[in-house]
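Novice: With the sequence up front, the predicted model follows.
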Amino acid sequence: MDPGRKYGTCVSNNTNKWKCIFCMKVTNGGISRLKHHLVGGNTSVTVCPNCPEHVRAELQNDAIKKAEERAAQSLRYEPVLNDGEADRVLGACDKDLRDKTCAGIARWFYDAGIAFNAVTYDSFKEMTHLIAQYGMGLKPPSMHELRVPLLQREVAETHTMLLQHKNEWASKGCSLMSRWMA
């Protein structure tokens, strides 16, 4: 049983609506939305002001455990092959799968009008590694997720990095140089 169900009640037998037992707020979006309400950290849901810390910790630990299980499951896949054909078949499968994957990536680049040199960005390489680590079944981010919570998180991380640089500038000094072109 999902641990979030202990801290909410289903409204009118609709598994999409849950009422928080701490503040009586009704959430739409299933048990996941209720857990986001209880734990916080999601910009699309208001945080429960009355949720005890031990409940937040329990739900956060459960989410971490589930993420680790998902990651471990994606690493467990091993094709069943006879000894002699392992090298021969895997090489061919890897090449075919890579060709198909690269064609899909290329098609997306063409369709979205993304510059080809974007593949040289470290963030592109990081993205492909993270997708591979997640494994099969990754649900890509929605347009809303890209526009709002993920963008806000990236802006916050950039501000944090900028503050670190400003602190270093204050202690070590900083020179700004620019080149003016007519």
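Specialist: Nice, I can see it.
Novice: quick one, helices of this protein?
Specialist: In the chain, the helices defined using DSSP state H lie at 30-39, 53-75, 86-112, 122-134, 143-147, 149-172.
Novice: how many neighbours does residue 26 have?
Specialist: Neighbours of residue 26 under the rule other C-beta atoms under 10 Å: 13. In this view, the C-beta of every residue, glycine as well, is placed from N, C-alpha and C.
Novice: Let me fix that, I meant to ask about residue 117.
Specialist: Neighbours around residue 117, by other C-beta under 10 Å: 8.
Novice: Over to residue 30?
Specialist: So residue 30, with other C-beta under 10 Å, has 16 neighbours.
Novice: hmm, back to that, dump the helices of the chain into a markdown table; add mean pLDDT and distance to residue 20 as well.
Specialist: Shown next, in a markdown table, are those (pLDDT from 0 to 100; distance: least, C-beta to C-beta, whole Å):
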| stretch | mean pLDDT | distance to residue 20 |
| --- | --- | --- |
| helix 30-39 | 90 | 6 |
| helix 53-75 | 86 | 10 |
| helix 86-112 | 79 | 40 |
| helix 122-134 | 90 | 30 |
| helix 143-147 | 91 | 23 |
| helix 149-172 | 90 | 21 |
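Novice: which one of those helices has the most crowded surroundings?
Specialist: Stretch with highest mean neighbour count among the helices of the chain: helix 30-39 (a mean of 22; mean count of other C-beta atoms under 10 Å).
Novice: which helices and strands sit right next to that helix?
Specialist: With contacts defined as 3 or more C-beta pairs under 8 Å, 6 or more residues apart in numbering; DSSP states H and E, helix 30-39 has these neighbours: strand 8-11, strand 14-20, strand 26-28, helix 53-75.
Novice: Contacts only, for residue 34.
Specialist: For residue 34, the contact set (C-beta atoms under 8 Å, 6 or more residues apart in numbering) comprises 4, 7, 8, 18, 20, 27.
Novice: picking that back up, tell me which of the helices and strands packed on helix 30-39 lies nearest to residue 38.
Specialist: helix 53-75 (5.8 Å; C-beta to C-beta).
Novice: Can you pull out the residues in contact with the closest one?
Specialist: 3-4, 7, 22, 35, 38-40, 133-137.
Novice: Closest one of the residues you listed to residue 157?
Specialist: When the contacts of helix 53-75 are compared against residue 157 (criterion: C-beta to C-beta), the nearest one is residue 40, at 18.1 Å.
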